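>>> structure for this input, please:
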Amino acid sequence: MKSHLAIVAAAGLALVTAGCAAQGKPFEPVNAPLNHAIIYVYRPYSYNSSLLHPAVQCGSESVHIRPGAYHAFVVPAGRVTCRVEGETADEVDIDAEPRIYYLQERFAFGVLSGHPQLNPMDSDEAQTEIQSCVQQP
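Numbering: from 1, shown residues only. Sure thing, here's the model as predicted:
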């Protein structure tokens, strides 16, 4: 009887957690038109805060990034603000040149909900981390 209960509990846990991680195509670099920057916003998978999907906005485009996913914002060169809002808000201003930028979305513990954060990352670390992410559909 105990083994049957353990199997049912494990199956239930698998069903609950299966919907938490993003599913999609593996990471693929994108190309940008002349005089445009690429801003990759990625969110490494973590079970903590996996139910939170606040909108991330860079320039005029907005997308909800699931845990384990990324999105490539292609923006004209110049000043660009990337912003995320939840229980609190965070934003990063980028004086974008025609090159690649990386922002990692994280969540700090909050009173009622996680506090979303956008953290600028250096290319070497970000390129390693983003390889485990999938394209946000």
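>>> next, the nearest residue to residue 129 once chain neighbours are set aside: phi, psi?
Nearest residue to residue 129 in three dimensions, chain neighbours excluded: residue 44, at 5.6 Å (C-beta to C-beta, 6 or more residues apart in numbering). All C-beta spots, glycine's among them, are computed from the backbone N, C-alpha and C. Main-chain torsions, residue 44, degrees, to the nearest 10: phi -60, psi 150.
>>> residues in contact with residue 44?
Residue 44 is in contact with 67, 68, 104, 129, 132, 133, counting by C-beta atoms under 8 Å, 6 or more residues apart in numbering.
>>> ok, it to residue 123 distance?
From residue 44 across to residue 123, the span is 16 Å (C-beta to C-beta, to the nearest Å).
>>> could you find the closest non-adjacent residue to the most centrally placed residue in the chain?
The chain has residue 43 as the residue nearest its centroid, 2.9 Å off, counting by C-alpha atoms, centre = their mean. Using C-beta to C-beta, 6+ apart and skipping residues adjacent in sequence, the residue nearest residue 43 is residue 105, 4.2 Å away.
>>> figure out the helix or strand that that neighbour lives in.
Counting by DSSP states H and E, the element that carries residue 105 is strand 100-108.
>>> show me what that strand is packed against.
Judged by 3 or more C-beta pairs under 8 Å, 6 or more residues apart in numbering; DSSP states H and E, the packing partners of strand 100-108 are strand 36-43, strand 115-120, helix 123-130.
>>> list the buried ones in it?
For strand 100-108, burial by neighbour count (16 or more other C-beta atoms under 10 Å) applies to 100, 101, 102, 103, 104, 105, 106, 107.
>>> ok so, going back, who does the residue nearest to the centre of the chain form a beta bridge with?
Taking DSSP bridges as the rule, residue 43 bridges to residue 69.
>>> residue 29: helix or strand, and which one exactly?
Using DSSP H and E, residue 29 sits in no helix or strand.
>>> sorry, that was for residue 52
Counting by DSSP H and E, residue 52 is part of no helix or strand.
>>> okay, it: pLDDT?
Reported pLDDT at residue 52 in the predicted model: 72.
>>> so it touches residue 116, yeah?
Yes. Under the criterion of C-beta atoms under 8 Å, residue 52 makes contact with residue 116 at 7.3 Å.
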